[in-house]
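S.K.: give me coordinates for this.
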Amino acid sequence: MKRFFLTASLLAVAGCKVGPNYAVPDLPVPPRFVETTAAGATADPSHWWTQFHDPELDRLIMRAIAGNLDLQTAKTRITGARAQEREARSALLPSANASAGVNRIDFSKNAGLASLASAFGSGGGGGSTPGQGIALPGSGITTWSIGIDASWEVDLFGGVQRGIEGARARTAAAEWNVRDMQVSVVAEVASDYLMLRSLQSQIAIAKAELIRQQATLRLIDARQSAGLVSELPQRQQSLQLSNVAATLPQLEARARDQIHALGVLVGEGPGALTAELDPAALLPALPPAVPAGLPSDLLRRRPDVRAAERQLAAATADVGVATADLYPKFNLMGMAELISTSLATLVERNSIQTTGNAAFTLPIFDGGKRRGVIAEREASRAEALLTYKKTMLVAVQDVEDALADYNAELKRNAELRRGVAAAERATQLAQASFLTGLTDFQPVLDAQGSVLSNRNTLAQSDATLLTDLARLYKALGGGWEA
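M.R.: Residues are numbered from 1 along each chain as shown. Below you'll find the predicted structure:
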């Protein structure tokens, strides 16, 4: 049996691998991005959020990486893919099974040989002659056996090896999918956190405006008591005050929604972070702009692009697996047993019994089934190639869009800052004109509304700048460590 499997091993080594050999496609990518950012300090893409210098954001992202349930779900798929890889590798090796058994046969007395047995003096009453291993009608035989059987399909044309290639590629794709999920989770935590701080800034702006307008209302009340103004300005200011106060419950509810979302993102439940995040904090300062690099960098950095490339490699290997079914198969089987009618002699040399078998099968006719499977796998391979190309194009688009939005928001933010300054100055002038009796109270109301609106819009723009930057880092594939 040793020579049997040695010969098969030589045949396997001499075999070949049918089907297409995989090579990473050379995708055409633009030499540079159309949109650009101002040059700035280059942040570490794997920990890009640290440039915000916000310890709370750092802690939340680390907790999300450790506890996010979507990320943990993606990691379980790696375990499954690795198990499938081990299963594919096992097909290269022989399979062996050990067996042990006892068998008892009692023969019928009416088997037709009873008279013949009497003629030879066996006693007619049944029984077997010890050591003869033959039983007459009415007697029986007990057989004991232990053994090992092995079988092996020799991978002459590389179908199993192509299967292993595909399994390895799918394992790598699962690993890249985990990194892609981490990139998304990190960006989502950062965006939700920045939105929370923006809402808290808007709440602070509304409360400060309430205090200022309450002071204006007290001044109007005093002037009305002195008979200097009518009741109308007092009513108008009270209405303005109520309108500002009415914005607070909605802002506070949206802030609580963000806290709930962050709790789920870190895998700890909607209310887990309320005590930690409810105290208001300022938005982080805007860090220097990030250089976008080259589009070709996305081929190495973006996990979704890398995952799509590995899926293409797996689909290519699947074509080889299907192609191997067109070729002959060579199977080897062997068995070694110890068989005896007595336990006392079971492990003796004379109890050894061996069997060897080699089978050769050649596909002749299957109605086009095998060819159909190959065509199906080729179509899947073509689809995977198109998916890979599209994933790369979308990656470039994501960066271009993020850069365009970031640059536009930078310009808008600068204009909004000038608008806030102008609105505050207009409010001061309108109040002075009203107090001196040069105008009625309507210009003051208009100026107050403009200040509140411009301050809120500027706070939202500050948050948008930061979230656009987070979106840019996500588009660049930042958020995972090599």
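
S.K.: next, count neighbours for residue 432.
M.R.: A total of 12 residues lie near residue 432 under the criterion other CB atoms under 10 Å. C-beta here means a position set from N, CA and C on the backbone, and glycine is covered the same way.

S.K.: which strands and helices lie in contact with the helix or strand in which it is found?
M.R.: Following DSSP states H and E, one finds residue 432 within helix 369-435. In terms of contacts (3 or more CB pairs under 8 Å, 6 or more residues apart in numbering; DSSP states H and E), helix 369-435 is packed against helix 159-225, helix 298-301, helix 303-324, helix 442-475.

S.K.: tell me which residues are up against the shortest one.
M.R.: Right, the one you point to is helix 298-301. Outside of helix 298-301, the residues within contact range by CB atoms under 8 Å, 6 or more residues apart in numbering are 27, 29, 45, 305-306, 392, 395-396, 399, 476-478.

S.K.: so which bits of it are buried?
M.R.: For helix 298-301, burial by neighbour count (16 or more other CB atoms under 10 Å) applies to 298-299, 301.

S.K.: one step back: by pLDDT, give me the weakest of the contacts of helix 298-301.
M.R.: Least confident of the contacts of helix 298-301 in the model: residue 45, at 80.

S.K.: and for that residue, the neighbour number?
M.R.: Around residue 45 sit 19 other residues, with neighbours defined as other CB under 10 Å.

S.K.: which residue sits closest to it, ignoring its sequence neighbours?
M.R.: Across the structure, with CB to CB, 6 or more residues apart in numbering as the measure, the residue nearest residue 45 apart from its sequence neighbours is residue 478 (3.6 Å).

S.K.: which residues touch that neighbour?
M.R.: Contacts were defined as CB under 8 Å, 6+ apart; by that measure residue 478 touches 45-46, 48, 183, 186, 301.

S.K.: doesn't it belong to a strand?
M.R.: No: the assignment for residue 478, made by DSSP: H, G, I helix; E, B strand; the rest coil, is coil rather than a strand.

S.K.: look up how far residue 355 lies from it.
M.R.: Applying CB to CB, to the nearest Å, one obtains 62 Å for the distance of residue 478 from residue 355.

S.K.: what distance do you get for residue 159 to residue 383?
M.R.: Applying CB to CB, one obtains 22 Å for the distance of residue 159 from residue 383.

S.K.: okay, the two: which has more neighbours?
M.R.: It is residue 159, of residue 159 and residue 383, that has more neighbours when counted by other CB under 10 Å, with 23 against 13.

S.K.: if we can go back for a sec, what's the closest of the buried residues of helix 298-301 to residue 335?
M.R.: Distances from these to residue 335 were compared by CB to CB; the smallest belongs to residue 299, at 53.2 Å.

S.K.: show the pLDDT at that closest one.
M.R.: With respect to pLDDT, residue 299 has a value of 75.

S.K.: could you shift the numbering so residue one becomes 6, and keep it that way?
M.R.: OK, 6 is where the count begins now, so the last one is residue 304.

S.K.: pull the residues that contact the helix or strand hosting residue 281.
M.R.: Using DSSP H and E, the element containing residue 281 is helix 279-282. In this structure, residues lying in contact with helix 279-282 by CB under 8 Å, 6+ apart are 61, 201, 261, 264, 267-268.

S.K.: and what of stretch 180-196?
M.R.: Under CB under 8 Å, 6+ apart, the answer for stretch 180-196 is 54, 57, 62, 65-66, 69-70, 73, 75-76, 79-80, 82-83, 267, 270-271, 307-309, 311-312, 315, 472, 475-476, 478-479, 482-485.

S.K.: picking up where we left off before, the residue nearest to residue 50 and residue 264, how far apart?
M.R.: From residue 483 over to residue 264 the distance is 25 Å, taken as CB to CB.

S.K.: and residue 404, what is it in contact with?
M.R.: When contacts are counted by CB under 8 Å, 6+ apart, residue 404 is found next to 38, 40, 297, 300, 303, 477, 480-481.

S.K.: where does the closest residue to residue 408 other than its chain neighbours land in three-state SS?
M.R.: Counting by CB to CB, 6+ apart, the nearest residue to residue 408 once its immediate chain neighbours are dropped is residue 40, at 3.5 Å. When the structure is split into helix, strand and coil by three-state DSSP, residue 40 lands in coil.

S.K.: can I assume residue 110 is in contact with residue 146?
M.R.: Yes: in this structure, residue 110 sits in contact with residue 146. The criterion is CB atoms under 8 Å, and the distance is 5.3 Å.

S.K.: more neighbours: which of these two?
M.R.: residue 146 (15 against 10).

S.K.: quick one: the more buried one is in a strand?
M.R.: Yes: assignment of residue 146 by three-state DSSP places it within a strand.

S.K.: let's see the pLDDT reported for it.
M.R.: pLDDT recorded at residue 146 is 85.

S.K.: check residue 15 too.
M.R.: For residue 15, the model assigns a pLDDT of 47.

S.K.: please name the residues that touch residue 383.
M.R.: residue 324.

S.K.: my error: substitute residue 342 in the last question.
M.R.: 150-153, 357-360.

S.K.: which residue packs closest to it, ignoring adjacent ones?
M.R.: For residue 342, the nearest residue in space outside its immediate sequence neighbours is residue 152; the separation is 3.1 Å by CB to CB, 6+ apart.

S.K.: how deep is that neighbour tucked in, by neighbour count?
M.R.: Around residue 152 there are 18 residues (other CB under 10 Å).

S.K.: give the helix, strand or coil label for it.
M.R.: The three-state label given to residue 152 by three-state DSSP is strand.

S.K.: hang on, it packs against residue 345?
M.R.: No: if you go by CB under 8 Å, residue 152 and residue 345 don't touch, sitting 11.8 Å apart.
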